[in-house]
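Visitor: Test case, fold it:
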Amino acid sequence: MGEPAILFGETWTPDKTENDLVYENGIWTKTYSKVVLTKGTISFKVCKNHAWDEAYPGSNKTYDIEKDGIYNVTFT
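Guide: Here you go, the predicted structure:
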């Protein structure tokens, strides 16, 4: 998925299965619980079949963290 490493693993690569989304009730989702994030911007996208050949969106999506804190982060 993307950065920061604290959210997705030390060095995120598409082959890390612990970042796989789970398909349930017609929705793909992945939740990271109790993640310590600092104010700033994170970027991410979802790759298909553990490779960058097909990824969504085409360019990284960014999200601004407005304040330091402990967050539950869900991707759908």
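Visitor: Would you agree residue 29 is in contact with residue 74?
Guide: Yes: using C-beta atoms under 8 Å, residue 29 makes contact with residue 74 at a distance of 6.3 Å. (Glycine included, C-beta is placed from N, CA and C.)
Visitor: Count the neighbours of the closest residue to residue 37 other than its chain neighbours for me.
Guide: Closest residue in space to residue 37, ignoring its immediate chain neighbours: residue 65 at 5.0 Å, by C-beta to C-beta, 6 or more residues apart in numbering. Counted with other C-beta atoms under 10 Å, residues neighbouring residue 65 total 15.
Visitor: Residue 31 now?
Guide: 12.
Visitor: Please report how far it lies from residue 59.
Guide: Using C-beta to C-beta, to the nearest Å, residue 31 is found at 24 Å from residue 59.
Visitor: and what of residue 67?
Guide: Using C-beta to C-beta, residue 67 is found at 26 Å from residue 59.
Visitor: now swap in residue 34 and tell me
Guide: Distance, residue 34 to residue 59, by C-beta to C-beta: 29 Å.
Visitor: Break down the protein into its strands, ranges please.
Guide: All strands of the chain, identified by DSSP state E, fall at 2-3, 22-24, 27-37, 40-47, 55-65, 69-75.
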